[in-house]
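Visitor: Predicted model and sequence follow; I will ask about them next.
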Amino acid sequence: MEVSTLDYWIIAIYLVAIAAFGKISGGKQKSVKDYFIGSKEIPWWAISFSIVAAETSTLTFISIPGLAYLTNLNFLQITFGYLIGRIIVAVFFLPAYYKGELTTAYSYLENRFGHKTRSFASIVFLFTRTASDGVRLFATAIPLYLLLDISPMLAIIIIAFVALLYTYTGGLKGVIWVDAVQMFIYIGGAILAGIILINNMPGNLSQIFSSAEISKKLSIINFGFNNGIAGFFSQPYTLLSGLIGGAFLSMSSHGTDQLIVQRLLAAKTLADGKKAIITTGVVVIIQFTLFLVLGVLLFAYYGPMNLRSDEIFPKFIIEIIPSGIKGIIIAGLLAAALSTLAGSITALSSSTMMDLYLPFKKSVNEKKDLIISKALTIVWSGLLILSAFFFMESPTTVVELALSIASFTYGGLLGTFLLGLINKHAKQEDALAGFSAGIFVMIAVISLKLVAWTWFILIGVTVTLIVGSFLSLLSRNNTD
């Protein structure tokens, strides 16, 4: 079944409406702070929904069902760790961020260590976010070029252009409100797809889930002790690696990544910021459950197929879902994509402006600085497109590829934040040395494939803390 004229109209109307809504809800910005922080006028629940939408992306929409199709529900263990990590961010990180006038996640590092640490952290964030969101943008192209019968490159450019439109005009405030709406659009699309999938099944749900082959796929808990020590650490989806790895990943992504912290800093009060971040943890567990169960249902419907896992769900959308509803579900796919991409564009632009440009300016010119800020959104949109082109030929499941890239530097970044919070004696030189050591160790760990990706951040954090604390102790002893 092909995409009908009705589907194309639904998609076109959605794209135009969402771009217009982003511009209107963003209002008129008079300063860089208005553009990147939203003047602290946004309710906590809108921030919470926007964070969920920003972190979900098309990876969840197509790659998580594909992962469950290939394996089981073990990935859900990581989401429990996500909630633990967010609670830690709410209790320990946010109070530090709300002291003083912080504009980015890395402002804290300057207050604690110095401007070199802030600049270094910002540069690391820029490289990591560009690479990981390039993967996410490419992931969007998979269903879009299959569904609309266009080239992958054109699909990437269309998505990036629409995200740029409302990011450029609406700033962070527009992005947050658009993302809050888009969360409900893509969740609605997923639920619609699930209902149609169930209705097309031979037999009822109890019969499907009671079959031996499907019941194996419903496994959530995996202790992972059956293959020895080496086998345990090489498995990404065990209970321990899920809880620990998920918590550390969530602490780094929601506590040190400008994509999320930027939104939390837009909350009216510290209490609102805490409510926003903890609520996201609960919503994400529900979301991942929905998409993983979709993957199990797709296996029950199709059985084993010789297809890339990321193409399973798009195949169902193309072949089975009727016209009209198909357009709504494609709009849901686009919603998931646009929310992450728009957030990434504004986060990259704000970090470049706030961390690398404004601190070194001698005078402030609000009008000129706002023009530069908007120009940066165009520049970063182009760089994300190029990054997506680069990752198009990767054979790795896109969700694992994106999370592995993020884990590459998240350990050093989170370790540096924790060093500042835990070790009151650590200085800038200690932090920079620890940060660098964490990254270099991760290069070795990833290159040699020593452990599964869920352990990456813990290793990076441990190395950063040990090196930074040791150097701090050494310098204190030399002083004494």
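Guide: Yep, it's here.

Visitor: Where does pLDDT dip in the chain?
Guide: For the chain, applying pLDDT under 70 flags the ranges 1-3, 38-39, 58-59, 100-103, 143, 147, 393-407, 479-480.

Visitor: just the strands in it please.
Guide: Using DSSP state E, no strands are found in the chain.

Visitor: centroid residue for it?
Guide: The geometric centre of the chain, computed from its C-alpha atoms, lies nearest to residue 55 (C-alpha atoms, centre = their mean), at 3.3 Å.

Visitor: Test my guess that residue 41 contacts residue 177.
Guide: No. Taking contacts as C-beta atoms under 8 Å, residue 41 lies outside contact range of residue 177: 10.8 Å. C-betas here are computed from N, CA, C, even on glycine.

Visitor: When the two are compared, which one has more neighbours?
Guide: In this view residue 41 and residue 177 are compared by other C-beta atoms under 10 Å, and residue 177 has more residues nearby, 23 against 11.

Visitor: My guess is the more buried one contacts residue 18. True?
Guide: No. The criterion here is C-beta under 8 Å, and residue 177 misses it with residue 18 at 10.4 Å.

Visitor: Residue 21: neighbour count?
Guide: For residue 21, using other C-beta under 10 Å, the count is 17.

Visitor: and it, what is it in contact with?
Guide: Contacts for residue 21 (C-beta atoms under 8 Å, 6 or more residues apart in numbering) come out as 166, 174, 177-178, 181.

Visitor: Adding distance to residue 351, write those residues out as a markdown table.
Guide: Below are the contacts of residue 21 laid out as a markdown table (distance: C-beta to C-beta, whole Å):
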| residue | distance to residue 351 |
| --- | --- |
| 166 | 20 |
| 174 | 18 |
| 177 | 21 |
| 178 | 20 |
| 181 | 25 |
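
Visitor: among the residues you listed, who's most crowded?
Guide: Within those, most neighbours by other C-beta under 10 Å means residue 178, with 29 neighbours.

Visitor: I'd say it and residue 342 touch.
Guide: Yes. At 6.8 Å, residue 178 and residue 342 qualify as touching, with contact defined as C-beta under 8 Å.

Visitor: and for these two, which residues touch both?
Guide: Going by C-beta under 8 Å, 6+ apart, residues that sit against residue 178 and also against residue 342 are 22, 166.

Visitor: neighbours of residue 306, just the number please.
Guide: Other residues close to residue 306 by other C-beta under 10 Å number 4.

Visitor: Repeat that for residue 226.
Guide: As a burial measure, residue 226 scores 9 neighbours (other C-beta under 10 Å).

Visitor: Please report the distance of it from residue 213.
Guide: Residue 226 sits 20 Å away from residue 213, going by C-beta to C-beta, to the nearest Å.

Visitor: So for residue 335, what's the nearest residue that isn't a sequence neighbour?
Guide: Among residues not flanking residue 335 along the chain, residue 182 sits closest, at 3.6 Å (C-beta to C-beta, 6 or more residues apart in numbering).

Visitor: ok, that neighbour to residue 450 distance?
Guide: Residue 182 sits 38 Å away from residue 450, going by C-beta to C-beta.

Visitor: likewise residue 89?
Guide: Residue 89 sits 28 Å away from residue 450, taking C-beta to C-beta as the criterion.

Visitor: who has more neighbours, those two?
Guide: Remark: of residue 89 and residue 450, residue 89 carries more neighbours, 27 against 14, as counted by other C-beta under 10 Å.

Visitor: mind checking the backbone torsions on residue 106?
Guide: Here the main-chain torsion angles of residue 106 (degrees, to the nearest 10) amount to phi -90, psi 0.

Visitor: these two touch, right, it and residue 118?
Guide: Yes. At 4.6 Å, residue 106 counts as touching residue 118 under the criterion of C-beta under 8 Å.

Visitor: Residues that sit against both of the two, list them.
Guide: Joint contacts of residue 106 and residue 118 (C-beta under 8 Å, 6+ apart) are residue 355.
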